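A.B. asks: My questions concern the predicted model and sequence given below.
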Amino acid sequence: MKAPITKILLGICMVFTITTFAQNSSKSLDFNSEEASNHKILLAAVKATQLEDLLDKSGPFTIFAPSDAAFERFSSEKIAQLINAKDKSELKSLLTYHIVAGQLTASRILRAMCRGNGKASFTTVQGKKLMAHMDGYDIVLTDPMGNTARITAADLNLNKDDVVHEIDSVILPTQM
């Protein structure tokens with residue numbers, strides 16, 4: 001009686017593991033439920049622009065992910081307009097301003113800042129530069145227009161080769 005129960009439990013565990021692995025390996029932005037509840041606007045924007053295809057097929061990428069609170073401080077109304085617009089180019093520009101090619105874990109960002117005398121520069125997928133520096137214990141990103149965002153949670157998503165850092169502000173490629 002003990003052997004069949006063990007085999008059943010082992011089989012369930014294997015199915016669960018395979019299912020979980022398959023789900024995680026196919027999505028670049030595969031937050032756990034707590035993280036996903038804090039990034040609903042970002043996930044909707046990525047889906048609306050079909051950037052998930054780029055993120056899944058290319059890479060690795062580092063995504064500086066504004067939290068829902070950051071999007072709401074920016075303007076939840078403006079974001080809703082961008083997500084629901086027929087032309088998604090402005091929304092795509094905004095999102096790609098938050099994506100850097102390569103896997104930049106927090107420790108890699110810190111190492112780059114050490115080599116750069118306290119500053120490091122990273123080029124976004126959109127082609128603009130983000131400058132990273134320390135402010136106390138926080139890594140702060142600054143764009144060429146002077147917009148800043150603090151990394152509030154680092155290395156959220158390490159599935160595949162991509163890395164996600166939650167930031168407290170939306171950084172804008174242009175005045176919106």
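C.D. replies: Arrived safely, thanks for sending. Numbering: from 1, shown residues only.

A.B. asks: can you give me the strands in this protein?
C.D. replies: Taking DSSP state E to define them, one finds strands in the chain at 61-66, 99-101, 119-123, 129-135, 138-142, 148-153, 163-167.

A.B. asks: Pull out the buried positions in the shortest one.
C.D. replies: In other words, strand 99-101. By 16 or more other C-beta atoms under 10 Å, the buried positions in strand 99-101 come out as I99, V100. C-beta here means a position set from N, CA and C on the backbone, and glycine is covered the same way.

A.B. asks: Could you do stretch 128-143 as well?
C.D. replies: Those would be K128, L130, M131, A132, H133, I139, V140, L141, T142, D143, for stretch 128-143 by 16+ other C-beta under 10 Å.

A.B. asks: Reformat those residues as a markdown table; add pLDDT and distance to A153.
C.D. replies: Formatted as a markdown table, those follow (pLDDT from 0 to 100; distance: C-beta to C-beta, whole Å):
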| residue | pLDDT | distance to A153 |
| --- | --- | --- |
| K128 | 92 | 23 |
| L130 | 96 | 17 |
| M131 | 97 | 20 |
| A132 | 97 | 16 |
| H133 | 97 | 18 |
| I139 | 97 | 11 |
| V140 | 98 | 14 |
| L141 | 97 | 14 |
| T142 | 95 | 19 |
| D143 | 92 | 20 |
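
A.B. asks: among these, which two are most distant?
C.D. replies: K128 and I139 (17.9 Å; C-beta to C-beta).

A.B. asks: now stretch 59-77, how far from the chain's geometric center?
C.D. replies: Relative to its chain's centre, stretch 59-77 lies at 8 Å (C-alpha atoms, centre = their mean, to the nearest Å).

A.B. asks: Okay then, goodbye and thanks.
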